[in-house]
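**Student:** Here is my input; please provide its structure:
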Amino acid sequence: LVTIYSAYLEGRIEDLLFKLSVIQPYKESEYRWPISEKIKKAIKILTVFDNNTSTEIISDLELAKVHFKWRNEIIHGRIYSPEIHSENLKSGRYNTPDRVINSEELSTLINNLKEINSRIYRSMLFNVDKLINSMPN
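**Tutor:** Okay, here's the model as predicted:
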């Protein structure tokens, strides 16, 4: 579920970049960028606007960035049974300590990913077009 809801959020951010492409093109070569680069691009475009709406969307994108890092830590690690390993998330990254992970943490991450996705979607439905239309010609 972490992977599925991460993918939904990635798709939402790509949809946002398509919507913002009237301000700055979303090139085909950028489709293969890591999600962190796509978020960075969306934030850069939105900083053109200096209002509460753009600030709110940027805040949601920053939150998404944090959650994708959290997702990566879990997805690229190995989860073992807590009955066998007290620190049951073994990192796939050099010099990153093992730590405890449980189903509650995974549920929190899933729910947060869904919430961030919903917030960005609502902004796209109700606010992004207004932002775009507010730009001087």
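
**Student:** Pull the contacting residues for the residue nearest the centre of the chain.
**Tutor:** Centroid-nearest residue in the chain: A64, 3.0 Å away (criterion: CA atoms, centre = their mean). Residues counted as contacts of A64 (CB atoms under 8 Å, 6 or more residues apart in numbering) are 9, 13, 35, 39, 116, 120. Yep, even glycine has a C-beta here, placed from its N, CA and C like the rest.

**Student:** can you list contacts of the lowest-mean-pLDDT helix or strand in the chain?
**Tutor:** Least confident helix or strand of the chain, by mean pLDDT, DSSP states H and E, is helix 128-133 with a mean of 90. Taking contacts as CB under 8 Å, 6+ apart, the residues outside helix 128-133 that touch it are 16, 19-20, 22-23, 46, 49, 51, 53-54, 57.

**Student:** So which bits of whichever helix or strand I74 is part of are buried?
**Tutor:** Using DSSP states H and E, I74 falls within helix 52-75. Residues 53-54, 57-58, 60-61, 64-65, 67-68, 70-74 are the ones in helix 52-75 that count as buried (16 or more other CB atoms under 10 Å).

**Student:** what are the C-alpha coordinates of it, in PDB please?
**Tutor:** The C-alpha trace of helix 52-75 is given here as PDB (Å, rounded to 0.1, in the frame of the first residue of the first chain):
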ATOM      1  CA  ASN A  52      -1.600  32.200   0.300                       C
ATOM      2  CA  THR A  53      -2.700  29.800  -2.400                       C
ATOM      3  CA  SER A  54       0.700  29.200  -3.900                       C
ATOM      4  CA  THR A  55       2.200  29.100  -0.400                       C
ATOM      5  CA  GLU A  56      -0.200  26.400   0.600                       C
ATOM      6  CA  ILE A  57       0.500  24.300  -2.400                       C
ATOM      7  CA  ILE A  58       4.300  24.700  -2.000                       C
ATOM      8  CA  SER A  59       3.800  23.600   1.700                       C
ATOM      9  CA  ASP A  60       2.000  20.500   0.500                       C
ATOM     10  CA  LEU A  61       4.800  19.800  -2.000                       C
ATOM     11  CA  GLU A  62       7.400  20.200   0.700                       C
ATOM     12  CA  LEU A  63       5.500  17.800   2.800                       C
ATOM     13  CA  ALA A  64       5.300  15.300  -0.100                       C
ATOM     14  CA  LYS A  65       9.100  15.600  -0.500                       C
ATOM     15  CA  VAL A  66       9.500  14.600   3.200                       C
ATOM     16  CA  HIS A  67       7.100  11.700   2.800                       C
ATOM     17  CA  PHE A  68       8.900  10.400  -0.300                       C
ATOM     18  CA  LYS A  69      12.100  10.300   1.600                       C
ATOM     19  CA  TRP A  70      10.300   8.300   4.400                       C
ATOM     20  CA  ARG A  71       8.900   6.000   1.700                       C
ATOM     21  CA  ASN A  72      12.300   5.500   0.200                       C
ATOM     22  CA  GLU A  73      13.800   4.600   3.600                       C
ATOM     23  CA  ILE A  74      11.200   1.800   3.900                       C
ATOM     24  CA  ILE A  75      10.900   0.600   0.400                       C
END
